[in-house]
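In: Fold the following and give me the result.
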Amino acid sequence: MPRRRIRFDCKREPRADRDGTDVPPRRKCQINATIPVSAGAQIPPDRGRSPPTGVISGRTGFASPVLRYDAPAMEHPKESRHVEAVERVVPWVEVRPSAPGRFVYKRMIRAVSPDARPGQVVAVYDRGGQALGCAHYNPHSQIALRMLRAGSPGVDEAFWRDAIFRAAQLRVETLRLPEMTDACRMIHSEGDGLSGLVADRYGDVLAVELYSLGMYRTIERLLPLLHDACGTRRHLVETSARVQELEGFQAKAIRSADLPDELKITENGVRFRVSFTTGHKTGFFCDQRENRRRFAERVRGGEVLDACAYTGGFGLYAAVLGGAKAVTCVDLDEEAVALLRRNADLNQVRVDAVHADAFGYLRQMQMNGRMFDAVVLDPPKLVFGLKDEGDGRRKYFDLNRLAMPLVRSGGWLLTCSCSGALRREEFVQMLRTVAHQTGRAAQLVELTGAGPDHPVRLDHPEGEYLKAAWLRLT
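Out: Residues are numbered from 1 along each chain as shown. Model prediction:
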């Protein structure tokens, strides 16, 4: 391969420090380089910046200059800037240096082999040709690569089987969840090394939710493995409209011919009906199992308000296991409230089920001078991303500002957020501000998260989405 011919054109430019004071000038160097490209790959058109020559990225001394390139905004980038030929497994994607993690965003893609297609498993390499692993590839998504395996450039049937059975073993043999419930999370996406795949078991039904194009194109071959590992025989596979929009594809639900409209589950002795026709997400929220049990223990004999009740999780636990004197459950979803009433009948307890907006109901309770021994807030996801970040944070603030004055002295406010974009520190700071503005002295007794069937990989902290703050008010 011919040598690169590089010419440095350098000049000194004045610069200023952050406070505006002059500092010694630094060199600004341009490199005019002829760089050979791999056969079959293309260098994309520029975005109005310099031609495909680099600018030294601020390094001085004796280190070799580092060429910095900004990835063009392309639907399916096909480029290569390799100086040396490296034998690779195809299809492949080359990425920029970044912190280790399960997601590689579109801006971090340097090059893509011409044969890479959306939804495929691709080998992932760094600039030097080192194999970083393999991933599901989707150029239409901001998350262009969802890592599946580190080090190895591909996956086979043994990989899928090992990952699925390892996840099932955690729930069944290690956590021994079947002893307390017939409903649990069996596959937790990145937490189990299967990015884009969520699977909940309800009796003999596996409710699957997909979050990526790659998993949508893989799921039918995985269903027999999932049933074998999870001990199920029927399934429902769905992809939300929001995910389809973000991932750039259209999906159809996949369901067993004999899938029931609903079935009954038992969790710590409390019974629930799970609907597969009107339910949210996979039909039930297994992530709050441990928090529901704690809540029942802490509200014994009291008056309880569950302000975002869905089908009655916290409220029914308080009535059945906590022996609460009175339980009020509120939700805006009329079908959920109807199922909540049926769940109360199923457990033979009395619950006041109210079809209302939580914000309006809390305001009305303040006007009526009502007080409760415990209030629980478990709203749906309110912060989805940067576009709605401000609005979502305001809703969390307003909801807690309305609820905190309703708690009697010595009582509990259990307030939750399932928005991964809202960090724990931000959530607690928001509650601190609410307590100050409402004039309540609040103790943060505990800050919990999802149950152990929702594991979080250390290289994917974004998976720690659920926050449950236990506030004791005085």
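
In: For residue 266, which residues count as its bridge partners?
Out: In this entry, residue 266 is beta-bridged to residue 271, by DSSP bridges.

In: Just to check, it is in contact with residue 178?
Out: No - Residue 266 is not in contact with residue 178 according to CB atoms under 8 Å; the separation is 10.9 Å. Where you see a C-beta, it was placed from the backbone N, CA and C, and this is true even at glycine.

In: Any regions of the stretch 1-150 of the chain where pLDDT drops low?
Out: Residues of the stretch 1-150 of the chain meeting the criterion pLDDT under 70: 1-86.

In: Show me what the strand or helix carrying residue 216 is packed against.
Out: In this assignment (DSSP states H and E), residue 216 forms part of helix 213-230. Secondary structure elements in contact with helix 213-230, counted by 3 or more CB pairs under 8 Å, 6 or more residues apart in numbering; DSSP states H and E, are strand 131-137, helix 157-169, strand 183-188, strand 197-202, strand 205-210, strand 234-238, strand 254-255.

In: try 7 Å this time
Out: For helix 213-230, the packing partners by 3 or more CB pairs under 7 Å, 6 or more residues apart in numbering; DSSP states H and E come out as helix 157-169, strand 197-202, strand 205-210.

In: Locate residue 94 within the secondary structure: which element?
Out: Counting by DSSP H and E, residue 94 is found in strand 92-95.

In: Domain-wise, how is the chain divided?
Out: Listed domain ranges for the chain are 6-150, 158-255, 268-473 (source: automatic domain parsing).

In: Between the two ends of the last one, what distance do you get?
Out: Terminal residues of domain 268-473 are spaced 28 Å apart (CA to CA, to the nearest Å).

In: Please tell me how far it is from the chain's geometric centre.
Out: Averaged C-alpha coordinates place domain 268-473 at 19 Å from its chain's average position (CA atoms, centre = their mean, to the nearest Å).

In: need the helices for the chain, in chain order.
Out: Along the chain, counting by DSSP state H, helices occupy 157-169, 213-230, 241-247, 289-298, 313-320, 334-347, 358-368, 389-403, 424-438.

In: winner for burial among those helices?
Out: helix 313-320 (a mean of 28; mean count of other CB atoms under 10 Å).

In: Check the average confidence over it, would you?
Out: Across helix 313-320, pLDDT averages out at 98.

In: Only alpha carbons, please: show it as CSV.
Out: Output in CSV follows, covering the C-alpha atoms of helix 313-320 (Å, rounded to 0.1, in the frame of the first residue of the first chain):
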residue,chain,number,x,y,z
GLY,A,313,-51.2,-2.8,43.0
PHE,A,314,-50.3,-0.7,46.1
GLY,A,315,-53.9,-0.2,47.3
LEU,A,316,-54.8,-3.9,47.2
TYR,A,317,-51.5,-4.8,49.0
ALA,A,318,-52.5,-2.2,51.7
ALA,A,319,-56.0,-3.7,52.0
VAL,A,320,-55.1,-7.4,51.8
